[in-house]
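Peer 1: quick one: sequence plus predicted model below, questions after.
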Amino acid sequence: MVSRQSTKMDCCGLLTAQKEPVPLKSVEVELQVRDHVATVVSTLNYENKEDKPVEAVFVFPLPGDAAVCHFSATIGQTQIVAEVKEKQQAREEYDDALSSGQQAFLLEESDQSPDIFSLSVGSLPPGESASIRLEYVTELAVQADDGLRFCLPAVLNPRYQPQGSEGASVQVTSVPASLVPYSLSFSARVSSPRPVSKVESNCSLDPLQYLNTEQTQATVKLAAGHKFDRDVEVLIYYKDAHQPTAVVEAGQASAKPGSLMGDPVVMLSLYPEFPQTVMSSLASCGEFVFLLDRSGSMDCPMNDSKRDQTRIGSARDTLLLLLKSLPMGCYFNIYSFGSEYEHIFPASVEYSEKTMEEALKKVEKMDADLGGTEILEPLKHIHSQPCIPNQPRQLFVFTDGEVCNTKEVISLVKKNSGSHRCFSFGIGEGASSALINGLAKEGGGHAQFITGADRMQPKVMQSLRFALQPAVEDISVTWDLPKGISVTVLSPPITAIFQGQRSLVYAQLSGQSSEAAEGCVTVKYSLAGHPSQNQLHFSLTPAQDTGLTVHRLAARTLIRSLETENNEDGGEPDEGVKKKVVELSVQSGVSSAFTSFIAVNKDNSDAVEGPLVRRGVPTPMYTWCGTSNQALMMATACCPIQSNVLQMCCAEVGDFDYSNAAEDLEDFSVGAAYCDDEVEIYHDNEDYSPNASSDEGISVGAAQVAVPKQPPRDPLLQLVSLQKASGCWLLDPALAAALGKPSEEVENTKPSAVNQEVWATILALIWLRGFKMDAQEEWELLAMKAASWLRAQNAPCVTECVEAGNALLGCNVQGDALGL
């Protein structure tokens, strides 16, 4: 019987102070990218240096849309390849093998979230080594600048489990990145029909090496000394913009014809191009609902280089830009959540100067002070609100994505996808790719990840541009294939198309044809009332070098849509759906929520002797708390550090003894350690005031902890904050200060025939163009609104105004560049 306290430690996942040996010694990752598809091979090397047999359990993140397709173990000269079996059956075989002294290996996907896996290496005898090989395939997401993004999740933050949610929480063992006791090597090989122009990363890379003169093949490696303080993100750029493509892959010779693995499968990558006339007109209506995570972990810095900019602070700045960029005539509301949720208005309100200012005042006071990460309840409340006629609902979700009930959240969004689009933003290292991508995919929107030195604002504003694009409706895909060949589409129907973004379609091709081996697919849709279509002709001749990659991705797509369909009603899984998923998973060799990979070493004739000791292998987690009083109190009261090994107890409210906190702290040195979302423990403590602040610092026990002062406001945000909802600026001392000019000089250089608002607005636009072109993505929409307001004024002497404004600000901006 495990004591309650040690169960909490396991659940919360942090390494205990006993410094138990960790059997995992190194991780080697090889990435192979072909055009926009990645194959990843990870080798995990284990060694048992103890004097008794061990079972090593490693819980780690993978991309949420990865198709895990191979798992094997090598012990000495023996390789054991795992089979995919129904999850409960696999667990029983694993337990039976261990109890009979055999070596066994189990790989399974978490029940709650498809981006967390658990690897159990059982009965590793003293002095024995084992090498585990894990392979998965995944598609690479297209970024705003046409780069393809691959992310190797290295950071696994403890996931918040809402009170009352079903299912056991994921057993995670985590330590600060600096304490990870194993090494990582990472190499990538990129090949494409088009030249590779560059490869970038948030981590240090060795120089790119081209393998041929055409530069269509290249290799790159992670520089030595990776610190495990971030996910490894790689951005790949090809010389030509993305083109629509089709890849046909032959079926597996040993599989039954007519089955998914026996028939050819085609993968279509579609990049619809919209007419420029339609794209230049942005929607002037819509209901914009912003949902902001205010859990404790949002107080972490955005990155290590700028520790004064917290996630919540960056989100506040982003909301300022969003609110200034909304069109007149739309509706909006702002929700925020932690263990509970709040909304600024009881229901969405019409966008005006009054409502915008009221919202901004409340946004300025928002802190990471609402506790846990209970995102489900605010989403339910948002979807319970009646939709406003002729105002399509656009939901923007900002979160660092550390939740356990991922599937439940995504199911809710899918159920309501007919009434809204969902744009999601994963903030910081370790954000759940399954949650962020799932929200956008099922909500017909777009997902963005903000990590490392990324600024949140340009990525969010790009999504706002997508939201303001005319909605694409009545999407249909039709196939024209030779006689004798039929098609079964494996992907869910396309529900959203955005300019410059890829839509993927997988389909199974059955039958034979003696006719010309070419097919054609047509995507038809209605854009702003205009019928449009894109066509792609493709050869039915199978590609020679893809193996079974396309089949596995197609199987993963079908498995995920069946699982999502199964989750929609909540409760127990539908047995019919579960049976279908298990059959498909076993047939394709691709993991699912209902299956696991199991390998048993039946060749070792000598049973492993002695009691088996279980060792948790730690994953890195983000290790910096914010600078607010609250975060510092959390860091000290909740995360004491002893012997440089982090301990944390994610107890429920009431499990923490406040009265002895100061005494307990005397035994520990205070460290800046990451502390997950238990802020709500302070709400019931009458001595704690979240509004108490001091420039000098706060006392915790005998320790005095300095709280840095807020940095001065960014000049761009200072100017933007002065813009009115209509798009204009007022001529006042605050504007002069933002422009960096004396108030009298700004007023005296105004051409006499022009009114003050027109002059102020032209000056603001010249300043943006003259000094902030590097941040154009952030202010472009609000500048368009300002130019639209100016045109509506029919103001005289605009050319004279622009010349005078250039002279005052020392710029050389042309009137047509301002949209005038």
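Peer 2: Perfect, I can see it now.
Peer 1: give me the next element, helix or strand, following the one helix or strand residue 136 maps to.
Peer 2: Using DSSP states H and E, residue 136 falls within strand 129-139. Once the chain leaves strand 129-139, the next helix or strand it forms, by DSSP H and E, is strand 141-142.
Peer 1: hmm, back to that, which neighbouring elements make contact with the strand holding residue 136?
Peer 2: Where contact means 3 or more Cβ pairs under 8 Å, 6 or more residues apart in numbering; DSSP states H and E, strand 129-139 is packed against strand 37-47, strand 67-75, strand 103-109, strand 116-124, helix 549-567. For the C-beta atoms, the positions are set from N, CA and C on the backbone; glycine is no exception.
Peer 1: partners of the second one in the sheet?
Peer 2: Pointing back at strand 67-75 there. strand 78-81 (antiparallel), strand 129-139 (antiparallel) (DSSP bridges).
Peer 1: would you mark the buried spots in it?
Peer 2: Within strand 67-75, the residues that count as buried by 16 or more other Cβ atoms under 10 Å are 67, 68, 69, 70, 71, 72, 73, 75.
Peer 1: out of these, which is nearest to residue 111?
Peer 2: Closest approach to residue 111 among the buried residues of strand 67-75 (Cβ to Cβ): residue 68, at 15.4 Å.
Peer 1: is it correct that that closest one is in contact with residue 138?
Peer 2: No. Between residue 68 and residue 138 no contact is recorded; they are 9.8 Å apart, counting by Cβ atoms under 8 Å.
Peer 1: identify the bridge partners of residue 27.
Peer 2: residue 44, residue 184.
Peer 1: now do it against residue 392, distance only.
Peer 2: Separation of residue 27 from residue 392 (Cβ to Cβ, to the nearest Å): 45 Å.
Peer 1: look at the two and report which has more neighbours.
Peer 2: Taking neighbours as other Cβ atoms under 10 Å, residue 27 and residue 392 compare with residue 27 leading, 22 against 17.
Peer 1: now do the same for residue 16: its pLDDT.
Peer 2: Residue 16 is assigned a predicted lDDT (pLDDT) of 28.
Peer 1: what of residue 418?
Peer 2: pLDDT, residue 418: 80.
Peer 1: so it: helix, strand or coil?
Peer 2: For residue 418, the secondary structure call by DSSP: H, G, I helix; E, B strand; the rest coil comes out as coil.
Peer 1: next one: residue 378
Peer 2: Strictly by three-state DSSP, residue 378 counts as helix.
Peer 1: I figured it hits residue 339, correct?
Peer 2: No. Between residue 378 and residue 339 there is no contact under Cβ under 8 Å: 11.3 Å.
Peer 1: quick check: neighbours shared by these two?
Peer 2: Shared contacts of residue 378 and residue 339 (Cβ atoms under 8 Å, 6 or more residues apart in numbering): none.
Peer 1: just the strands paired with strand 67-75: most buried one?
Peer 2: Of all those, strand 129-139 has the most neighbours on average by mean count of other Cβ atoms under 10 Å, namely a mean of 21.
Peer 1: and for it, what's in contact with it?
Peer 2: 36-48, 62-63, 65-75, 103, 105, 107, 119, 121, 124, 150, 504, 549, 552-553, 556.
Peer 1: for ChimeraX, what selects the buried ones among those?
Peer 2: In ChimeraX syntax, the buried subset of the contacts of strand 129-139 is picked out as below (16+ other Cβ under 10 Å):
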select :36,37,38,39,40,42,43,44,45,46,47,48,62,63,65,66,67,68,69,70,71,72,73,75,103,105,107,119,121,124,150,504,549,552,553,556
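Peer 1: so which bits of the helix or strand hosting residue 587 are buried?
Peer 2: Element membership of residue 587, judged by DSSP H and E, is helix 575-588. The neighbour-count check on helix 575-588 (16+ other Cβ under 10 Å) flags 578, 580, 581, 582, 584, 585, 587, 588 as buried.
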